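Student: sequence plus predicted model, see below.
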Amino acid sequence: MDAFAALGEPRRREILRLVSSRELSVGEIARRFDVTRPAISQHLRVLKEANLVTERRDGTKRLYRARPETIAELWAYLEVFWSESLRTLKVAAEQEEQQRRSRHGRRNESH
């Protein structure tokens, strides 16, 4: 599954935030939500398939943690996307301002 599709669900984004700083078990994660443990397991499976989290077994526990390299890739992609979008927005705003000034100048000349 695509990482962006996986992160389209708000609970998955919150789970990813929770496991970004330390490993947590399914039970530890589930306690923070008002859904069942199996529902959290399903969300974790989606995040794992999207390569956003790792799973480590410790006895009978499964511990989850965010994959920093995948998060870094997403961040880099978004950074380029936002930089390009902001550049486009800046150019459009500057053109609009220039047109506004030009219209305003012509109005003053006609008085």
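Tutor: Nice, thanks for sending it over. Numbering: from 1, shown residues only.
Student: show me the domain layout of the chain.
Tutor: Annotated domains of the chain cover 3-66, 68-111 [automatic domain parsing].
Student: and the ones you listed, which is most packed in?
Tutor: Of all the domains of the chain, domain 3-66 has the most neighbours on average by mean count of other C-beta atoms under 10 Å, namely a mean of 15. For glycine as for every other residue, the C-beta is placed from the backbone atoms N, C-alpha and C.
Student: surely Arg37 and Gly27 touch.
Tutor: Yes: the pair formed by Arg37 and Gly27 meets the contact definition of C-beta atoms under 8 Å, at 6.6 Å.
Student: which residues of this structure fall in strands?
Tutor: Defined through DSSP state E, the strands belonging to the chain, from first to last, are 24-25, 53-58, 61-66.
Student: closest to Leu74 out of those?
Tutor: Distances from Leu74 to each of those were compared by C-beta to C-beta, and the smallest falls on strand 61-66, at 10.7 Å.
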